[in-house]
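Chemist: Following is a predicted model, sequence given first.
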Amino acid sequence: MEQLPSCSLLQAGAHGLVCAGGVNFFSVGEDRQLCHHCELLVMEGIGALLSCKHLEVYTHLIYQNQQPLVRPIFECDLRTDVPAEPRCATCPAIVSSTQEQSATT
């Protein structure tokens with residue numbers, strides 16, 4: 001198997017590695033099988049985002065064209081009256097909520 005980048009959501013479980021951000025799955029499988037289908041691993045700067053104390057990351061296992069896909073969902077609890085940090089400009093939680101607000105106004 002190819003070498004996958006490290007992910008701060010991976011933790012050692014009783015029977016191998018598990019995804020700590022998992023909502024509808026837990027074990028990542030042998031040789032991190034589900035990690036190969038995780039969108040987090042192709043996101044630029046994800047390491048800095050995952051260390052953000054304001055960001056919650058949830059992962060959902062879905063199937064697209066009968067292929068597994070681990071899709072992350074991001075939620076930010078940073079209050080609007082708090083100065084944004086530099087990484088906020090590229091944070092998917094901020095970007096997606098801004099797009100949603102623009103679409104509804």
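Modeler: Perfect, thanks for sending it.
Chemist: Stretch 3-23: which residues count as buried?
Modeler: Within stretch 3-23, the residues that count as buried by 16 or more other C-beta atoms under 10 Å are 7, 9-10, 17-19, 21-22. Just so you know, the C-beta spots here come from the backbone N, C-alpha and C atoms, and that holds for glycine as well.
Chemist: Keeping just the C-alphas, turn that stretch into PDB.
Modeler: The C-alpha trace of stretch 3-23 is given here as PDB (Å, rounded to 0.1, in the frame of the first residue of the first chain):
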ATOM      1  CA  GLN A   3       2.200   5.700   2.200                       C
ATOM      2  CA  LEU A   4      -0.600   8.000   3.400                       C
ATOM      3  CA  PRO A   5       0.100  11.300   5.100                       C
ATOM      4  CA  SER A   6      -0.500  11.400   8.800                       C
ATOM      5  CA  CYS A   7      -3.900  12.600  10.100                       C
ATOM      6  CA  SER A   8      -4.500  14.000  13.500                       C
ATOM      7  CA  LEU A   9      -7.900  12.400  13.600                       C
ATOM      8  CA  LEU A  10      -6.400   8.900  13.600                       C
ATOM      9  CA  GLN A  11      -6.100   7.300  17.000                       C
ATOM     10  CA  ALA A  12      -5.200   3.800  18.200                       C
ATOM     11  CA  GLY A  13      -8.200   1.700  19.100                       C
ATOM     12  CA  ALA A  14      -8.600  -1.700  20.600                       C
ATOM     13  CA  HIS A  15      -8.400  -3.400  17.200                       C
ATOM     14  CA  GLY A  16      -6.300  -1.000  15.200                       C
ATOM     15  CA  LEU A  17      -6.500   2.600  14.000                       C
ATOM     16  CA  VAL A  18      -9.800   4.400  14.300                       C
ATOM     17  CA  CYS A  19     -11.100   7.800  13.000                       C
ATOM     18  CA  ALA A  20     -11.800  10.100  15.900                       C
ATOM     19  CA  GLY A  21     -13.900  12.300  13.700                       C
ATOM     20  CA  GLY A  22     -16.100   9.400  12.600                       C
ATOM     21  CA  VAL A  23     -19.800   9.800  13.000                       C
END
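Chemist: how about the residue most central in space within the chain, what does it touch?
Modeler: Closest residue to the average C-alpha location of the chain: P72 at 4.0 Å, with C-alpha atoms, centre = their mean. The neighbours of P72, taking C-beta atoms under 8 Å, 6 or more residues apart in numbering as the test, are 21, 38-40, 43, 57-60, 92.
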